[in-house]
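**Student:** any chance you could fold what I've pasted below:
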Amino acid sequence: YNFAKIQNTNLKIKSERMTAIITKNSNFVRLDSIISEVLGISRAKSVSLIKSNKVYLNGNPALKPSLQVAQGDKIEIDEDINLEQDLSHLDTKSLDELIAIKPQLQQIDIVHKDSDILIINKPPNLVLHPAPNLKEPTLQDWLKCKAKDFGITLNEDFRYGIVHRLDRETSGVLSIAKNATAFNALSNQLKSRQMGRIYLAIIEPPLKEAQTLECYLGRNPKNRLKITQIGKATRHIIPQECFEYGDGESPHKQSKQDLQGDLAHNPSVDSRHLRYAKSAFLPLLHSRSNAMQLIAVKLFTGRTHQIRAQLEGLGRHIVGDSLYGFKLHSKAGREFSTFLAQSPLARNLTHRIFLHAYVLYLRHPNDERGKISLFRAQILADMVEFLQTFFDLDGVNEALDIE
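**Tutor:** As a prediction, the model looks like this:
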């Protein structure tokens with residue numbers, strides 16, 4: 001490719017964006033490919049750059065690595081990125097050295113492994129993928145060190161087999177493909193929603209009944225760390241309607257056109273970068289004080305911060321999630337503060353919210369019958385202790401029965 005202009009060619013960007021203008025390429029090319037070539041970084045790192053909301057295409061946020069770039073398009077990369085430093089300082093470190101920097105890497109539990117897939121239980125405060133502004137080891141770095149032991153044949157361009165994602169603060173089950181065939185199979189299942197997860201969350205205040213929520217989600221213009229809900233369509237349900245494993249869509253799904261019509265009547269909303277989102281919420285158990293509630297959540301779409309943003313739209317907050325409105329002065333907040341002061345596990349609650357991916361369902365790439373397989377990631381010790389402290393233990397055990 002031929003680029004007419006590249007500002008800050010030393011790649012140390014401080015006060016202005018680096019701009020690349022394509023002049024002699026008449027074919028459409030993926031955005032992540034362009035960034036990878038211009039900056040001399042791997043495709044995986046360019047994807048991380050895009051997903052970190054640091055890339056703009058023709059002045060608009062570029063949210064998808066697969067966006068097509070054509071002749072004359074302008075790519076801008078946000079400030080405060082130092083690509084020369086990146087994560088190259090971690091490339092030569094051994095697994096023991098990475099664990100010394102990030103102890104959470106030693107807390108990863110193996111739920112299942114075979115010749116095609118690896119299922120793990122991710123601890124909180126662990127990022128999945130490297131990013132230009134991230135200076136700590138990630139799950140991908142751990143997999144790179146363990147690839148030979150696990151028999152993973154995929155490289156950095158395939159994120160060493162990581163198929164889906166979890167927020168830093170969220171714990172729980174993750175699937176990892178060991179080879180290209182499994183990676184393609186699981187990726188296709190994820191797109192068709194034949195593969196998915198059931199989450200557990202401790203929230204306040206409690207929900208009154210099971211319901212689905214459909215809306216559009218977009219980046220909060222006042223706080224770039226947050227996702228905001230635009231429009232809302234809720235419907236009360238019976239649990240069986242939306243909690244069948246492998247059920248990609250609900251038969252009662254609200255028409256996306258109806259929500260789009262609502263947006264059209266709101267001139268203050270820029271709908272160009274909004275994404276449709278749908279979730280089902282199922283109350284499981286109240287805390288002894290009735291200040292909190294254990295719930296299950298199923299996603300029908302996979303959007304950034306989807307559960308957290310939609311719960312905020314319902315006036316609910318995940319315990320510990322200060323970004324999305326959890327307050328320590330509430331009744332639940334005071335109980336949480338008491339737990340922090342008394343629990344020996346409190347030191348592990350930094351960057352922790354009580355959201356856990358509990359059950360993963362998928363069709364194994366080598367199962368010709370197409371049977372749904374279930375994998376459960378046990379709740380981690382800090383969340384177990386919290387439930388034992390504030391909830392009835394017999395009720396918790398009944399609520400967590402995956403049947």
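**Student:** pretty sure R303 is touching K278, no?
**Tutor:** No - judged on C-beta atoms under 8 Å, R303 makes no contact with K278 at a distance of 9.4 Å. Every C-beta, even on glycine, is put in place using the N, C-alpha and C of the backbone.
**Student:** out of those two, which sits in the busier spot?
**Tutor:** Set R303 next to K278 and count neighbours by other C-beta atoms under 10 Å: K278 wins out with 23 against 19.
**Student:** and that one, what are its bridge partners?
**Tutor:** E214 (DSSP bridges).
**Student:** please report the distance of it from I307.
**Tutor:** Distance from K278 to I307, counting by C-beta to C-beta, to the nearest Å: 12 Å.
**Student:** with P283 instead?
**Tutor:** From P283 across to I307, the span is 14 Å (C-beta to C-beta).
**Student:** out of those two, which sits in the busier spot?
**Tutor:** Neighbours per residue (other C-beta under 10 Å) separate P283 from I307, with I307 holding more: 25 against 18.
**Student:** my read: the more buried one touches A201, true?
**Tutor:** Yes - using C-beta under 8 Å, I307 is in contact with A201, at 6.7 Å.
**Student:** common neighbours of those two, please.
**Tutor:** Here I307 and A201 have 297, 318, 355 as joint contacts, going by C-beta atoms under 8 Å, 6 or more residues apart in numbering.
**Student:** which of the residues you listed count as buried?
**Tutor:** By neighbour count, with 16 or more other C-beta atoms under 10 Å, the shared contacts of I307 and A201 hold 297, 318, 355 as buried.
**Student:** quick one: contacts for the closest residue to F158 other than its chain neighbours?
**Tutor:** Sequence neighbours aside, F183 is the residue nearest to F158 in space, at 5.9 Å (criterion: C-beta to C-beta, 6 or more residues apart in numbering). F183 makes contact with 154, 158, 161, 163, 177, according to C-beta under 8 Å, 6+ apart.
**Student:** can you list those in JSON lines and add pLDDT, distance to Q388 and neighbour count?
**Tutor:** Formatted as JSON lines, the contacts of F183 follow (pLDDT from 0 to 100; distance: C-beta to C-beta, whole Å; neighbours: other C-beta atoms under 10 Å):
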{"residue": "L154", "pLDDT": "92", "distance to Q388": "40", "neighbour count": "19"}
{"residue": "F158", "pLDDT": "89", "distance to Q388": "40", "neighbour count": "19"}
{"residue": "G161", "pLDDT": "93", "distance to Q388": "35", "neighbour count": "25"}
{"residue": "V163", "pLDDT": "92", "distance to Q388": "33", "neighbour count": "21"}
{"residue": "A177", "pLDDT": "95", "distance to Q388": "36", "neighbour count": "25"}
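**Student:** between those, which is nearest Q211?
**Tutor:** Nearest to Q211 out of the contacts of F183 is V163 (C-beta to C-beta; 28.7 Å).
**Student:** is it true that that closest one touches N184?
**Tutor:** No - here V163 does not reach N184: they are 9.9 Å apart, not a contact under C-beta under 8 Å.
**Student:** show me where the stretch 101-250 of the chain dips below the pLDDT cut-off.
**Tutor:** Residue ranges of the stretch 101-250 of the chain with pLDDT under 70: 241-242, 245-250.
**Student:** quick one: the strands in it?
**Tutor:** Ranges of strands in the stretch 101-250 of the chain, per DSSP state E, counting those that start in this stretch, are 109-113, 117-122, 171-177, 196-204, 211-219, 227-236.
**Student:** tell me the most buried of those strands?
**Tutor:** Mean neighbour count (mean count of other C-beta atoms under 10 Å) peaks for strand 171-177 among the strands of the stretch 101-250 of the chain, with a mean of 25.
**Student:** what's that strand packed up against?
**Tutor:** Where contact means 3 or more C-beta pairs under 8 Å, 6 or more residues apart in numbering; DSSP states H and E, strand 171-177 is packed against strand 117-122, helix 180-191, strand 196-204, strand 355-363, strand 372-376.
**Student:** can I get it in CSV, CA atoms only?
**Tutor:** The C-alpha trace of strand 171-177 is given here as CSV (Å, rounded to 0.1, in the frame of the first residue of the first chain):
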residue,chain,number,x,y,z
SER,A,171,-14.6,-14.3,36.2
GLY,A,172,-15.7,-17.6,34.6
VAL,A,173,-15.8,-20.1,31.8
LEU,A,174,-13.9,-19.5,28.5
SER,A,175,-13.5,-21.8,25.5
ILE,A,176,-10.2,-22.0,23.7
ALA,A,177,-9.7,-23.8,20.4
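**Student:** identify the residue nearest the geometric centre of the chain.
**Tutor:** L166 (3.5 Å; C-alpha atoms, centre = their mean).
**Student:** which single one of the buried ones among the shared contacts of I307 and A201 is nearest to E368?
**Tutor:** Using C-beta to C-beta, V297 comes nearest to E368 of the buried ones among the shared contacts of I307 and A201, at 31.5 Å.
**Student:** so what's that closest one up against?
**Tutor:** Here V297 is in contact with 198-201, 279-282, 307 (C-beta under 8 Å, 6+ apart).
**Student:** let's see it at 6 Å
**Tutor:** When contacts are counted by C-beta atoms under 6 Å, 6 or more residues apart in numbering, V297 touches 199, 279, 281, 307.
**Student:** name the helix or strand for it, please.
**Tutor:** Following DSSP states H and E, one finds V297 within strand 293-299.
**Student:** sheet-wise, list the partners of that strand with their directions.
**Tutor:** Here strand 293-299 has these sheet partners by DSSP bridges: strand 196-204 (antiparallel), strand 275-286 (antiparallel).
**Student:** dump those to JSON lines, plus distance to I35.
**Tutor:** What follows is the strands paired with strand 293-299, written out as JSON lines (distance: least, C-beta to C-beta, whole Å):
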{"stretch": "strand 196-204", "distance to I35": "30"}
{"stretch": "strand 275-286", "distance to I35": "21"}
